[in-house]
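Engineer: Here is my input; please provide its structure:
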Amino acid sequence: MNARHVAGILLRHYYLLRGSPTRVLPTFAWVAIDIVLWGFITRYLDSVGPSGMDFVPTLLGAVLLWDFFSRVMQGVTTAFFEDVWSRNFLNVFASPLTIAEYVSGLVLTSVITSLVGLLVMLLLAGGVFGLSFFSYGILLLPYLLVLFMFGIALGVVASAMVLRLGPASEWLVWPIPALLAPFAGVFYPLSTLPAWMQAVGRLLPPSYVFEGMRAIIAGRPPDWSALAGALLLAAVQIVAAGWCFARVHRYAVRSGLLARYSAESVS
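Structural biologist: Model prediction:
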């Protein structure tokens, strides 16, 4: 893998962001709206709920973590969509750039944009609503890593789906975090769900993150075995996502799909 090729993908997206404020704004605007909305909801629930019940870490904390995952996933897909919108695939894949280098460039772009979103979330949640994840110390890092890895895997799979189905399938990508949230147990334990939904939830690494964070907030020790299993599951899913994108790209090249990619749909 050539680091200069990967840096070229990153540099391209830097120039896109630098020259377009409308691209920069979504990296933190929607995150800020979510934190403000749920922050005031938790304040209201604290005021009408039982004495001693603190909804801020349970609800607002869950929103912050899920938004972080969503930013990571959408960081990959949005970087990919820039080539979809500009019809740039023939130029990209006619270059010496390999698939691994291209996907790595998308991932690095997502890393930077998601870190900006995370910083905005932490500042708002801590400065306005008093939620501080720093009190958990280094214990928070492996949970964020699980969400980051799963977001990368899902973003790569979503990009492969759009590459295979065509630009018109873009609308299928945006609702994916909302569709997964009920299965991941973002706001409630997995035991609340019916058995078949619990089975699906156990295949999603974020479910172990939210179960673990709820245990820590309740004063129980973290389940290290479950956390290790979530990290392993997320790592396997990243490898599978990369394999999926490579297979789709190979099909797109051999079938001539890339040359027809300016159409609204492909077959």
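Engineer: Low-confidence ranges, the stretch 1-150 of the chain, go.
Structural biologist: Low-confidence segments of the stretch 1-150 of the chain (pLDDT under 70): 49-57, 132-137.
Engineer: try 90
Structural biologist: Along the stretch 1-150 of the chain, the parts satisfying pLDDT under 90 run over 1-144.
Engineer: With the stretch 151-267 of the chain instead?
Structural biologist: By pLDDT under 90, the weakly predicted segments of the stretch 151-267 of the chain are 159, 161-175, 178, 185-192, 211-226, 246, 248-267.
Engineer: And the helices in it?
Structural biologist: With helices called from DSSP state H, counting those that start in this stretch, the stretch 151-267 of the chain shows them at 176-184, 195-201, 205-217, 224-255.
Engineer: Can you spell out which helices and strands pack onto the host helix or strand of G127?
Structural biologist: Assigned by DSSP states H and E, G127 falls within helix 99-129. Other elements packing on helix 99-129 under the criterion 3 or more Cβ pairs under 8 Å, 6 or more residues apart in numbering; DSSP states H and E are helix 3-18, helix 29-48, helix 61-85, helix 140-165, helix 224-255. (C-beta placed from N, C-alpha, C; glycine too.)
Engineer: pretty sure S191 contacts R202?
Structural biologist: No. S191 is not in contact with R202 according to Cβ atoms under 8 Å; the separation is 11.8 Å.
Engineer: higher neighbour count, those two?
Structural biologist: Just comparing S191 and R202: by other Cβ atoms under 10 Å the higher neighbour count belongs to R202, 16 against 8.
Engineer: gap between the more buried one and S114?
Structural biologist: According to Cβ to Cβ, to the nearest Å, R202 and S114 sit 25 Å apart.
Engineer: Please apply the same query to S207.
Structural biologist: Distance, S207 to S114, using Cβ to Cβ: 20 Å.
Engineer: what do you get for V84?
Structural biologist: Look at V84 and S114: by Cβ to Cβ, they are 20 Å apart.
Engineer: same question, A226
Structural biologist: Spatial separation of A226 from S114 under the definition Cβ to Cβ is 24 Å.
Engineer: Looking at these two, which one has more neighbours?
Structural biologist: Each of A226 and S114 has its neighbours counted (other Cβ under 10 Å); S114 has more, 27 against 16.
Engineer: right, and that one touches F148 too?
Structural biologist: Yes. With contacts defined as Cβ under 8 Å, S114 counts as touching F148 at a distance of 7.3 Å.
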